[in-house]
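Student: sequence-free structure coming up:
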């Protein structure tokens, strides 16, 4: 009987200890990996102000000229039979705004250095009014002010081709016209004044840094006609008017972008820190 009671007591003790040992060996919670985070990349924000500086070599084409002569037939019209302008250099600067990666606009001012002019006219000289040919020399310079708009077609390996157009005005200054014929030598004061002008251009830019671009291109400019020289009483000729000037330019320059340009590397994508997920 004693053994039976002893066995019952031991059984009761083991029954109470069992849950305690089981609690000591509970497995730790399982940590599951968080799902891959969704990378957030802010949209590219192109645009902002830029400044530019340019230089070029240009060829000007004289489109003809007319003048008035006073003699037997007052206000008899005359014209230049030949006229040629030499090439010259230009320098300019401008300020612009990059609207987005494809469109921009700027305002430019270019100083066009003197292009020498040489022309000739046919008329009558002397008391007997015999046919004669004159030689006329002068030069012109201009300030060209244009408001321009461009389409940047796209960027490949840092190169961005573009096309554009501009409209504005030119302050044209003609030097004294020196006229020589059988009657002698004559001087006419040069004309000056504002004229309407427009331009079309094409070229490409190249990224030198994340903000600086090299810009190389071609520009065609047309300057409307205007006064070329004044009346000279000793020759009874004048005033004279040119019919306009076409200018072909090979240009090169630099642009500095204050805002982010397509030359800048894209910003690093935002990746949020992963948070562990616990399960019970």
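Tutor: Nice, thanks for sending it over. It should be emphasised that the depicted structure is a prediction, and the values quoted were computed from it without experimental measurement.

Student: show me the shaky parts of the stretch 101-250 of the chain.
Tutor: The model of the stretch 101-250 of the chain has no residue with pLDDT under 70.

Student: sketch out the strands for it, chain order is fine.
Tutor: 103-125, 130-152, 159-174, 177-181, 184-188, 192-207, 212-229, 237-257 (DSSP state E, counting those that start in this stretch).

Student: look up phi and psi at residue 208.
Tutor: phi -90, psi -40 (degrees, to the nearest 10).

Student: and the gap between residue 106 and residue 241?
Tutor: Distance of residue 106 to residue 241, given as CB to CB, to the nearest Å: 32 Å. Quick note: C-beta positions are derived from backbone N, CA and C, even for glycine.

Student: for the two, indicate the residue with more neighbours.
Tutor: residue 106 (21 against 17; other CB atoms under 10 Å).

Student: list the contacts of the more buried one.
Tutor: 50, 52, 94, 95, 96, 97, 147, 148, 150 (CB atoms under 8 Å, 6 or more residues apart in numbering).

Student: what does residue 103 give?
Tutor: Counting by CB under 8 Å, 6+ apart, the residues that residue 103 touches are 149, 150, 151, 152.

Student: same question, residue 85
Tutor: Residue 85 sits in contact with 59, 60, 61, 62, 115, 116, 117, 140, 245, where contact means CB under 8 Å, 6+ apart.

Student: how about it: what's its closest non-neighbour residue?
Tutor: residue 60 (4.1 Å; CB to CB, 6 or more residues apart in numbering).

Student: ok so, going back, format the contacts of residue 85 as a markdown table; extra columns: neighbour count and distance to residue 123.
Tutor: Converted to a markdown table, those look like this (neighbours: other CB atoms under 10 Å; distance: CB to CB, whole Å):
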| residue | neighbour count | distance to residue 123 |
| --- | --- | --- |
| 59 | 14 | 29 |
| 60 | 23 | 26 |
| 61 | 14 | 24 |
| 62 | 21 | 19 |
| 115 | 22 | 25 |
| 116 | 15 | 23 |
| 117 | 23 | 19 |
| 140 | 24 | 23 |
| 245 | 24 | 24 |
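
Student: just send those back as a markdown table, with distance to residue 186 too.
Tutor: Shown next, in a markdown table, are those (distance: CB to CB, whole Å):
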| residue | distance to residue 186 |
| --- | --- |
| 59 | 29 |
| 60 | 24 |
| 61 | 26 |
| 62 | 20 |
| 115 | 22 |
| 116 | 19 |
| 117 | 16 |
| 140 | 19 |
| 245 | 23 |
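
Student: residue 230: which of those is nearest?
Tutor: For these, the minimum distance to residue 230 (CB to CB) is 14.5 Å, reached by residue 140.

Student: can you verify my assumption that that closest one contacts residue 170?
Tutor: No: look at residue 140 against residue 170 with CB atoms under 8 Å: they stay out of range, at 10.2 Å.

Student: quick check: beta-bridge partners of residue 130?
Tutor: Beta bridges link residue 130 to residue 125, judged by DSSP bridges.

Student: ok, it to residue 234 distance?
Tutor: Using CB to CB, which is the criterion applied here, residue 130 is 19 Å from residue 234.

Student: repeat for residue 107
Tutor: 44 Å.

Student: which one of these two is surrounded by more residues?
Tutor: residue 107 (15 against 11).

Student: quick one: contacts for the nearest residue to residue 168 once chain neighbours are set aside?
Tutor: In space, and not counting its chain neighbours, residue 168 is closest to residue 146: 4.0 Å by CB to CB, 6+ apart. Residue 146 makes contact with 107, 108, 110, 166, 167, 168, 197, 198, 199, 221 under the criterion CB under 8 Å, 6+ apart.

Student: out of those, the closest to residue 188 would be?
Tutor: residue 197 (24.1 Å).

Student: count of residues packed around the closest one?
Tutor: Neighbour tally, residue 197, other CB under 10 Å: 23.

Student: can you tell me the closest non-neighbouring residue to it?
Tutor: Closest to residue 197 by CB to CB, 6+ apart is residue 170, at 4.3 Å.

Student: mind listing the residues bridging to that neighbour?
Tutor: residue 144, residue 195.

Student: for it, give its distance to residue 188.
Tutor: Distance from residue 170 to residue 188, by CB to CB: 21 Å.
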